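Engineer: how would this look folded up:
(chains A and B)
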Amino acid sequence: DAGVTQTPRHEVAEKGQTIILKCEPVSGHNDLFWYRQTKIQGLELLSYFRSKSLMEDGGAFKDRFKAEMLNSSFSTLKIQPTEPKDSAVYLCASSFPGGPYEQYFGPGTRLTVL
Amino acid sequence: GQQVQQSPASLVLQEGENAELQCNFSTSLNSMQWFYQRPGGSLVSLFYNPSGTKHSGRLTSTTVIKERRSSLHISSSQTTDSGTYLCASDSGYNKLTFGKGTVLLVSP
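Structural biologist: The predicted structure is shown next:
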């Protein structure tokens, strides 16, 4: 079975640009998560979907970050407009909602905002 | 909200030595997970361990729910074990809260 896939693996953006990151969960997993990882803050939850419904919108990340679950097998994370402080690794994870709630992570997208 | 304390923050071992990594949680938890991450790599799930003890090769995870703690034991460490070990708790609704990690370096 294919694991979680994420594209692109690397993204370089100019300040103010709009970027879209993509994620495909493990087949059959209905829970999908977006995280951001930085050296200082560690791993932070951005968004959480269950069966395409948004369960968690990430609080402090709401204004410029928008995650969508277009169908059960595809999600996007849009950052608009980007700022240099958004430079980080963005990770997508999925799990089976019926339990056990073990989360499986994709390879991540490394975003650099200049 | 849940806070997760990992210790030690870093650890240096000689190949063949054992390691014990700890995680303590500030509130009750439904389950927890241990992950491994190489520099520049993604998170690889080592254990999903709601309670009790689980084994996988040279790794052992023990979670004691009522004491709000979990440990990861690595026996006979190898240089390929070097990397960051992260624990995360699920205190409800399948949302994970992560610790800051333990950076392990195993030298030959």
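
Engineer: Enumerate every residue touching B:Q3.
Structural biologist: Contacts for B:Q3 (CB atoms under 8 Å, 6 or more residues apart in numbering or on different chains) come out as B:F25, B:S26, B:T27, B:T97. For glycine as for every other residue, the C-beta is placed from the backbone atoms N, C-alpha and C.

Engineer: Just the buried residues of these.
Structural biologist: B:F25, B:T97 (16 or more other CB atoms under 10 Å in any protein chain shown).

Engineer: Establish whether the lowest-mean-pLDDT helix or strand in chain B and chain A are in contact.
Structural biologist: Ranked by mean pLDDT, DSSP states H and E, the helix or strand of chain B with the weakest confidence is strand B:96-98, at a mean of 90. Yes - judged by CB under 8 Å from any CB of the partner chain, strand B:96-98 and chain A are in contact via B:L96, B:F98.

Engineer: partner strands of that strand, parallel or antiparallel?
Structural biologist: Paired with strand B:96-98 in the same sheet, following DSSP bridges, are strand B:83-90 (antiparallel).

Engineer: For the partner strand, list the C-alpha coordinates in PDB.
Structural biologist: Below are the C-alpha coordinates for strand B:83-90, written out as PDB (Å, rounded to 0.1, in the frame of the first residue of the first chain):
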ATOM      1  CA  GLY B  83      18.500  10.800  15.000                       C
ATOM      2  CA  THR B  84      15.700  12.400  16.900                       C
ATOM      3  CA  TYR B  85      13.100  10.500  18.900                       C
ATOM      4  CA  LEU B  86       9.800  12.200  19.400                       C
ATOM      5  CA  CYS B  87       6.900  11.200  21.600                       C
ATOM      6  CA  ALA B  88       3.300  12.500  21.200                       C
ATOM      7  CA  SER B  89       0.200  12.100  23.200                       C
ATOM      8  CA  ASP B  90      -3.400  11.900  22.100                       C
END
